[in-house]
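Model the following, please.
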Amino acid sequence: MNSKKDSLGFYEFVLPIISVVETLDSFVVRHYTEVNANEAEASDSIILSGTPLKDNATLNQTDKFGWMKNCSKPILGICAGMQTIGLIFGSKLTKCLGMGMTKVSTIVENPLFSSTFQAYSLHNYSVVPSVEFEVIAESNQCSQAIKHRQRNIYGILFHPEVRNHEILQRFVYTISKHRRV
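Numbers count the residues shown, from 1 in each chain. The predicted model follows:
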């Protein structure tokens, strides 16, 4: 989780994720400063939540995510989580302000979503992916989703915990449980 318990970010970004996944599987919530390589490997999968617009803590503390480079578990980064994944793997951030409903178009087949759909956005930056990643969805403004080319690491810029819960459900069932790419 990217927001401390009892903070506005926790209520806005973490609790909605919990409300979706708690009916699907057991889970543990940790602040990103509490996660290490051993704990990450002991998990079935990892979801990195978003943060409030002015909270760039994860982007300024990428050293706290070094475990991600060698983690074998599926990872889904939402908004700031996608941006953090991008930075860890050598991607660049680009300005892309998004607030409200956004039309997202799938450009590469993947197990999380397909076709064109409406998603809720709240972000300042998008990711220009490094060679390790490919863009799998985009809007008219920027990249909306990326996937690691060899591993089950996904980043989505929009917020499926607000709208499009099925994306979180597919991540838990398809990616985490069955380890399918």
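
which SSE is Lys103 in?
strand 92-106 (DSSP states H and E).

Now name the helix or strand holding Asn124.
With DSSP H and E as criterion, Asn124 is part of strand 116-128.

And the contacts of the host helix or strand of Leu76?
When elements are defined using DSSP H and E, Leu76 is found to belong to strand 75-78. The contact list for strand 75-78, computed with Cβ atoms under 8 Å, 6 or more residues apart in numbering, reads 13, 17, 45-50, 68, 83-85, 152-156, 159-161, 168, 171, 175. All C-beta spots, glycine's among them, are computed from the backbone N, C-alpha and C.

Mind checking the pLDDT average for it?
pLDDT averaged over strand 75-78 equals 95, rounded to a whole number.

partners of that strand, with directions?
Strand 75-78 has the following strand partners under DSSP bridges: strand 46-48 (parallel), strand 153-156 (parallel).

most neighbours per residue, which of the ones you listed?
Stretch with highest mean neighbour count among the strands paired with strand 75-78: strand 153-156 (a mean of 27; mean count of other Cβ atoms under 10 Å).

Just say helix, strand or coil for the closest residue to Leu48 other than its chain neighbours.
Here the nearest residue to Leu48 in space, its sequence neighbours aside, is Gly81; by Cβ to Cβ, 6 or more residues apart in numbering that works out to 2.9 Å. Secondary structure for Gly81, judged by DSSP: H, G, I helix; E, B strand; the rest coil, is helix.

residues touching Gly81, list them.
By Cβ under 8 Å, 6+ apart, Gly81 lies in contact with 2, 47-50, 58, 155.

Sort out which one of those lies nearest Gly98 for me.
Taking Cβ to Cβ as the measure, Gly98 lies nearest Gly50 of the contacts of Gly81, at 11.5 Å.

What are the buried residues along the strand holding Asn124?
117, 119-128 (16 or more other Cβ atoms under 10 Å).

immediately after it, which helix or strand?
Later in the chain than strand 116-128, the nearest helix or strand by DSSP H and E is strand 133-138.

Just the CA atoms of that next one, as PDB, please.
This file holds the C-alpha atoms of strand 133-138, laid out as PDB (Å, rounded to 0.1, in the frame of the first residue of the first chain):
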ATOM      1  CA  PHE A 133       7.700  -3.200 -21.000                       C
ATOM      2  CA  GLU A 134       5.100  -2.700 -23.700                       C
ATOM      3  CA  VAL A 135       2.100  -0.400 -23.700                       C
ATOM      4  CA  ILE A 136      -1.100  -2.600 -23.600                       C
ATOM      5  CA  ALA A 137      -3.700   0.200 -23.400                       C
ATOM      6  CA  GLU A 138      -3.800   4.000 -24.100                       C
END
